[in-house]
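> just coords:
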């Protein structure tokens, strides 16, 4: 049995609850009382056979709040609550850093990576060049994985399987709520698990929302609109010469389950489903967009050296 620790909680992000429930199962009463109504509702629709029960277990939890850790523990059958997250070293085989505020990712991941554990870091990994340089060897040796669950969204299965039938792709568009730095990565991960990474430069247009244009070497365009405050949306549109495809991603359970499946597989086999250079390149796109916004110019990805 693979023993996994889960670490951290950030505002508006219930991943410690959802990830732990998908691996461990959950207690209906305590999950209903957790304050995460949406998570409880989609878990409640699932059969026991839908969960990743068996190969791995979340055995330890730490968050900034002992009371919150106790709630997660009760809701998702976690036996051990830690006073310090580093206490997990020597007790677990891997950790999940379930915070989506990248500013603490390196600080939290470092002791575990240097202890030889496998680590999953919630998206985005980092937009700091020095931190990405630190992470790169661990990505290359398949000890570190980081992505948004949208990478594995069920709603994108059709186009992933049939992308070769889309001739001369003209435009790919992603539309998402929230900010570019926090949620732009959802769109990037979803798109670049369908097509090869081919981005030459990035242009950011900031009006009532952030619109980011990715110019590719083949002269096709990817446009991502981060709408900030709006109704929930994770929409993907693909326009090719011969056909188009549209999908709205809303099955969080399946996306998260598949993400965790590939992380557990990485722990078991030492092989990652995600190439190290892709993870770094997506972080470079996030960084290039901010440079473009601040300096009001097109930014070549070659300017950002990791």
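Here it is on my side, so go on. Treat the numbers as computed from the prediction; the structure is a model and nothing was measured. Numbering: from 1, shown residues only.

> would you confirm that residue 234 contacts residue 186?
Yes - using CB atoms under 8 Å, residue 234 is in contact with residue 186, at 6.0 Å. Any C-beta I mention is one placed from the backbone N, CA and C, and that applies to glycine too.

> what residue of the protein is the furthest out?
Residue distances from the centre of the chain (CA atoms, centre = their mean) peak at residue 242, which lies 31.4 Å from the mean C-alpha position.

> so what's it up against?
165-168 (CB atoms under 8 Å, 6 or more residues apart in numbering).

> could you pick out the buried ones from these?
Among the contacts of residue 242, those scoring as buried are residue 166 (criterion: 16 or more other CB atoms under 10 Å).

> residue 234 and residue 186 - which one has more neighbours?
Set residue 234 next to residue 186 and count neighbours by other CB atoms under 10 Å: residue 186 wins out with 27 against 22.

> and the more buried one, what helix or strand is that in?
According to DSSP states H and E, residue 186 maps onto helix 180-191.

> who are the packing partners of that helix?
With contacts taken as 3 or more CB pairs under 8 Å, 6 or more residues apart in numbering; DSSP states H and E, helix 180-191 sits against strand 171-176, strand 210-216, strand 221-226, strand 234-239, helix 276-295.

> okay, these in a markdown table with mean pLDDT and distance to residue 13 next?
Output for the helices and strands packed on helix 180-191, formatted as a markdown table (pLDDT from 0 to 100; distance: least, CB to CB, whole Å):
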| stretch | mean pLDDT | distance to residue 13 |
| --- | --- | --- |
| strand 171-176 | 98 | 15 |
| strand 210-216 | 97 | 20 |
| strand 221-226 | 98 | 17 |
| strand 234-239 | 98 | 15 |
| helix 276-295 | 97 | 18 |
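
> closest to residue 230 among the contacts of residue 242?
If you rank the contacts of residue 242 by distance to residue 230 using CB to CB, residue 166 comes first, at 28.0 Å.

> and that closest one, how far from residue 197?
Counting by CB to CB, to the nearest Å, the gap from residue 166 to residue 197 is 17 Å.

> same check, this time on residue 126
Per CB to CB, residue 126 is found 18 Å from residue 197.
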